[in-house]
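>>> Test case, fold it:
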Amino acid sequence: MGKHYLLFILLYCCLVFPASEVSAKTFTIVLDPGHGGKDPGCIGAGGTKEKTVNLAVALKLGQLIEANHKDVKVVYTRKTDIFVPLIQRTEIANKHKADLFISIHADAVPAKNAASAYGTGTFTLGTAKTDENLEVAKRENAVILLEDDYQTRYQGFDPNSAESYIMFETLQGTHQTQSIQLASLIQTEFRTRAKRHDRQVRQAPYLVLKTASMPAVLVETGFLSNRNEEKYLASAEGRNKISAAIYHGFNSYKEAYDRHNGVTAVAQPAYRETETPKSTPKSNTSTNTNKQQTDRKITETKTTKSNPKGKIEYRVQFLSYHKKLTKGAPQLKGLWPVDYYVEKGTYRFTYGSTTDFNEITRIQRQVRGKFKDAFVIRFQDGKRIAR
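Sure thing, here's the model as predicted:
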């Protein structure tokens, strides 16, 4: 009788909660604005405080994620100008069982080197390969000196002693591959979207990354010791561009994460900035609206069969890029004609169009000869739909 009852319950659950309707697990990201409160971080020649820049970039980044990803929960280590002990920052991430941790900082060098030091860099946990990387880590780790009983809390770690960093020589993060992947995607966006000097992905012994139990990176958004970069990071435009670059790096990581884990795509609103310009002339309103509508249309079509209203149309998506590409663009690797659609500010390029699933799998094999990660997506009545 008991076995029959259990089988009945299992059958009932399958009927009431079909697998196709099971929602994806909420993806949690923790944003960590470095420094804060009694710890200003580095201070630029013009008086710009690192803690202020870090918080502004983190809040803007969080707004972008929340506005464009319904399935992502954003947690902050701080949302105001308060001091948070270093060890508590990753404790917050671990407590929330976060899927990603991004710590946001700005950099500085002595005045004699101020003019020559500029650009953005992204770090993962590891041994410093250069003296420069070690000095950056020492400066960031020195925040623990502001904490009460730091010697006990950090087991005798001295941020200014080279001997304390020996432990990092054998430390290999469990999530190192994913951390490097995220860092590389963010750096690509800094270089291509924000047009910042690329200081590349590097490793350094950051205490704030040491105890994270998820992929984690530390971003250095620029040098406050450089007058030009201080001006850039102090401006709303500069902070918005930096935030958007990190967002798009995260967005690419999240898409790869979803594909790898077989997560059904959640319908997302089109990418948008969450800060509205102070004033928009009325004469430009219709022009901007028309441009947005044009961007969402498929303007180059390769259709192998007619697709009646309501029919599922299959395409092979092979490339995401920050701008529209035309025939002969090297990024397309000879594929033409192509379609595209715009999602979250990025052009998604597709090849082939058919209502026959067997045919699209054949086309996918062909495209994978050039783009090994090409995958099949579905459209209905001109709009992309979830699987």
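>>> ok, and the closest non-adjacent residue to L31?
Nearest non-adjacent residue to L31, counting by Cβ to Cβ, 6 or more residues apart in numbering: A58, 4.5 Å away. For glycine as for every other residue, the C-beta is placed from the backbone atoms N, C-alpha and C.
>>> other SSEs contacting the helix or strand harbouring that neighbour?
In the assignment (DSSP states H and E), A58 maps to helix 50-68. Contact here means 3 or more Cβ pairs under 8 Å, 6 or more residues apart in numbering; DSSP states H and E; on that basis helix 50-68 packs against strand 27-33, strand 72-76, strand 100-107, strand 216-223, helix 236-260.
>>> Using CSV, please lay out the ones you listed together with mean pLDDT.
Formatted as CSV, these follow (pLDDT from 0 to 100):
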stretch, mean pLDDT
strand 27-33, 97
strand 72-76, 97
strand 100-107, 96
strand 216-223, 96
helix 236-260, 93
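>>> Next up, the contacts around C42.
Residues near C42 by Cβ atoms under 8 Å, 6 or more residues apart in numbering: E50, A106, D107, A108, R139, L224, S225.
>>> hmm, I was thinking of S320
Residues near S320 by Cβ under 8 Å, 6+ apart: S252, E255, T346, Y347, R348, F349.
>>> swap the cut-off to 10 Å and go again
S320 sits next to H248, N251, S252, E255, Y340, E343, K344, T346, Y347, R348, F349 when contact means Cβ atoms under 10 Å, 6 or more residues apart in numbering.
>>> Look at the residue nearest to the third one when sequence neighbours are not counted and say how many residues are nearby.
By that I understand S252. Nearest non-adjacent residue to S252, counting by Cβ to Cβ, 6+ apart: L185, 4.7 Å away. Neighbourhood size, L185 [other Cβ atoms under 10 Å]: 24.
>>> Over to G334?
Neighbours of G334 (other Cβ under 10 Å): 8.
>>> One more: the one 3 residues further on?
Taking other Cβ under 10 Å as the criterion, the count of residues near P337 is 12.
>>> That one and K327 touch, don't they?
Yes - if you go by Cβ atoms under 10 Å, P337 and K327 touch, sitting 7.8 Å apart.
>>> returning to that earlier point: now the helix holding A58, how far from the centre of its chain.
How far helix 50-68 lies from its chain's middle: 12 Å, per Cα atoms, centre = their mean, to the nearest Å.
>>> Would you mark the buried spots in it?
50-65, 67-68 (16 or more other Cβ atoms under 10 Å).
>>> What average pLDDT does the host helix or strand of Q317 get?
If you go by DSSP H and E, Q317 is part of strand 312-321. When pLDDT is averaged over strand 312-321, the result is 88.
>>> ditto for stretch 37-46
93.
>>> And it, what's buried?
Judged by neighbour count (16+ other Cβ under 10 Å), stretch 37-46 contains these buried residues: D39, G41, C42, I43, G44.
>>> Looking at those, spot the one nearest N358.
G41 (58.0 Å; Cβ to Cβ).
>>> how would you label that closest one: helix, strand or coil?
coil (DSSP: H, G, I helix; E, B strand; the rest coil).
>>> how about the helices in the stretch 251-387 of the chain?
282-295, 357-367 (DSSP state H, counting those that start in this stretch).
>>> Where among those is average confidence lowest?
Lowest mean pLDDT within these: helix 282-295, a mean of 36.
>>> Distance of the residue lying closest to Y314 once chain neighbours are set aside relative to G352?
When the adjacent residues along the chain are set aside, Y314 lies closest to I360, with 3.8 Å between them (Cβ to Cβ, 6+ apart). Applying Cβ to Cβ, to the nearest Å, the value for I360 to G352 is 6 Å.
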